[in-house]
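Q: structure, please.
(chains A, B and C)
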Amino acid sequence: MTDERDAEAEERLHDVLSSDALAAAPLLLGAIVSRVGDDGERVAVRITEVEAYLGERDPGSHAFRGRTPRTAVMFGPGGHVYAYFSYGMHICLNVVCGVDGVASACLLRAGEVVEGADAARRRRLATRRARPGAPLRDRDLARGPANLAAALGVSLADSGLPIDRPPYSLELPDAPVDAASIVRGLRVGLSAPGGLDPFHWRFWIDGDPTVSAYTPHRTVREAGRSEL
DNA sequence: GTCGAGATTATCT
DNA sequence: GATAATCTCGACC
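A: Just a heads-up that it's a prediction; the model follows:
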């Protein structure tokens, strides 16, 4: 890639990441995120599923109840990593969006490993007990947010790192994913007091086998109409 | 293919 | 001490 194209891509990336998460989320589909792990191995993932979190306006967001040491990164400028710990062993990887002072982030839920599959598999097996006779399929390497983070070797200490500087990199696709093949729906794993998460802020590439199967149809059914 | 239950720990109140 | 942006497995269709 020439320097000129580099500069152009960098500017485009900056534009996307400084808009709010809801606008940025569909544009991140098809992007390639990579990270060089402590073992020196680079793993790259093509993003196929994301969720948008709008901070203080969004009851589902960690930032909803204000700024805490953990969520401080989310209130910063876009283009940084927000890594958080959830449910014991799981680390999830977010890309902070928006301008400084506004909490907004995209959770990377799933992707397809396009480079470093061996390293990704090694890391997955190291963080999870492997059962004999149940090999880890390629398509499952980065399927699910915690799995994606594990494949990339994300650690909690990564919070606050720029997403487009080593050990990370982020490249948007040459052209945005066709709107016709983008599906949106309810976010996963959220419940609001007295009801379900009301926002259809989860985006994924229709039919892609690496999109997480963890999609309770019940949630979608009971949610009724879409309001966005 | 869908559905339900349990595991597990950093962070906040 | 309660909570949480989840995953896996086993049971069933």
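
Q: so where do the strands sit in chain A?
A: Secondary structure of chain A by DSSP state E: the strands cover A:32-36, A:42-53, A:81-86, A:90-96, A:105-115, A:168-171, A:182-185, A:191-192, A:195-196, A:202-205.

Q: and A:His62, which of these is closest to it?
A: The closest approach between A:His62 and any of the strands of chain A, judged by C-beta to C-beta, belongs to strand A:81-86 at 6.7 Å. In short, each C-beta sits where N, CA and C put it, glycine included.

Q: buried ones in that closest one?
A: Neighbour-count burial for strand A:81-86, counted by 16 or more other C-beta atoms under 10 Å, picks out A:81-84.

Q: what is the neighbour count of the closest residue to A:Val183 other than its chain neighbours?
A: Take A:Val183 and drop its neighbours on the chain: the residue closest to it by C-beta to C-beta, 6 or more residues apart in numbering is A:Asp206, 4.7 Å away. Neighbours of A:Asp206 under the rule other C-beta atoms under 10 Å: 12.

Q: same thing with A:Ala52?
A: If you count neighbours by other C-beta under 10 Å, A:Ala52 ends up with 27.

Q: mind listing the residues bridging to the residue sitting nearest the centre point of chain A?
A: What sits nearest the mean C-alpha location of chain A, by C-alpha atoms, centre = their mean, is A:Leu108, with 0.9 Å. On the basis of DSSP bridges, A:Leu108 is bridged to A:Val50.

Q: residues contacting it?
A: Counting by C-beta atoms under 8 Å, 6 or more residues apart in numbering, A:Leu108 touches A:28, A:33, A:45, A:47, A:49-50, A:92-95, A:145, A:148-149.

Q: is stretch A:4-24 in proximity to DNA strand C?
A: No. Stretch A:4-24 lies out of reach of DNA strand C by C-beta under 7 Å from any atom of the strand, never closer than 9.4 Å.
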